[in-house]
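Chemist: show me the folded form of this:
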Amino acid sequence: MKKIKAVILDLGVVIINIDQEKTRMAFEQLGLNLKDVNESLPFFLQLEKGKISKESFIYSIKQLLNNNATDEQIIKAWNAMILDLPANRISLINELSNHYAVFLLSNTNVFHIEEIMGNINQYHPNLNWESTFEKIFLSYEIGHRKPDAACYEYVLNDIKLHAHETIFVDDSKSNIEGAEKVGINCIWTQKAIDTWLWDEIKKYDPDLQLH
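Modeler: Numbering: from 1, shown residues only. Sure thing, here's the model as predicted:
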């Protein structure tokens, strides 16, 4: 069996608690009804690929609301989905790092990352988020978004590993299917990482020895 050298983790749900319904409801209160928070409007995806600026995103929302909301209200609604980061998940990532190179790959945007970093600085002041991972890949920075094959190929090329040497953990079935198409070993989960993850990893790396 091929040796596993890296684990690539998603951010939302897998590490950070999120609730997209909170954002949907917050926008509804402003007068904007969204069936799907991420894919209802083209500029949402453009923001996640880094194709438009923060200002353009806010302007686009304002146009839909006929300028009946402030910048602050729009940003607050958009960030409403971002919740907490339990300390046990940080500990688990640190333990993972004792066995593999651990990377982060997230479909996200500058607003959400600023909110997340603000929360981390407030509730985990001693945490060096950047050094928690070997490297962090954010869709709006790399210009690629899961489940596009180009996104996974970009990461594999950057970390200089073959697909079969990696494990990808994500809560989105479509993202998992996209990663599987390029040959990455995948763990699809509907819950945050916890001790259950070790058993799933052992399916791909039976020689894993936990201390």
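Chemist: only C-alpha atoms from now on, for both contacts and neighbour counts.
Modeler: Noted.
Chemist: what's the longest helix seen in the chain packed up against?
Modeler: Once the chain is assigned using DSSP state H, the helix that runs over the most residues is helix 110-123. In terms of contacts (3 or more CA pairs under 8 Å, 6 or more residues apart in numbering; DSSP states H and E), helix 110-123 is packed against helix 71-79.
Chemist: which strands and helices sit next to the helix it packs on?
Modeler: Helix 71-79 packs on helix 20-30, helix 54-64, helix 110-123, going by 3+ CA pairs under 8 Å, 6+ apart.
Chemist: returning to what we had before: so which bits of the longest helix of the chain are buried?
Modeler: V110, H112, E115, I116, N119, I120 (16 or more other CA atoms under 10 Å).
Chemist: circling back: reformat the helices and strands packed on helix 71-79 as TSV; add mean pLDDT and distance to A80.
Modeler: Putting those into TSV (pLDDT from 0 to 100; distance: least, CA to CA, whole Å) gives the following:
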stretch	mean pLDDT	distance to A80
helix 20-30	93	5
helix 54-64	94	15
helix 110-123	98	9
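Chemist: closest to M81 out of these?
Modeler: Closest of the helices and strands packed on helix 71-79 to M81 is helix 20-30, at 4.9 Å (criterion: CA to CA).
Chemist: just say helix, strand or coil for the residue of the chain most remote from its centre.
Modeler: In the chain, counting by CA atoms, centre = their mean, N66 sits farthest out from the average C-alpha position, at 31.2 Å. Assigned with DSSP: H, G, I helix; E, B strand; the rest coil, N66 falls in the coil class.
Chemist: quick one: pLDDT of it?
Modeler: In this model, N66 is scored at 88, pLDDT.
Chemist: quickly note the distance from it to S60.
Modeler: Distance, N66 to S60, by CA to CA, to the nearest Å: 10 Å.
Chemist: closest to L11 out of the helices and strands packed on helix 71-79?
Modeler: Judging the helices and strands packed on helix 71-79 by CA to CA, what sits closest to L11 is helix 110-123, at 10.4 Å.
Chemist: and the angle from the closest one to helix 54-64?
Modeler: Put simply, helix 110-123 runs at 110 degrees to helix 54-64, going by axes from the mean of the first three to the mean of the last three CA atoms, to 10 degrees.
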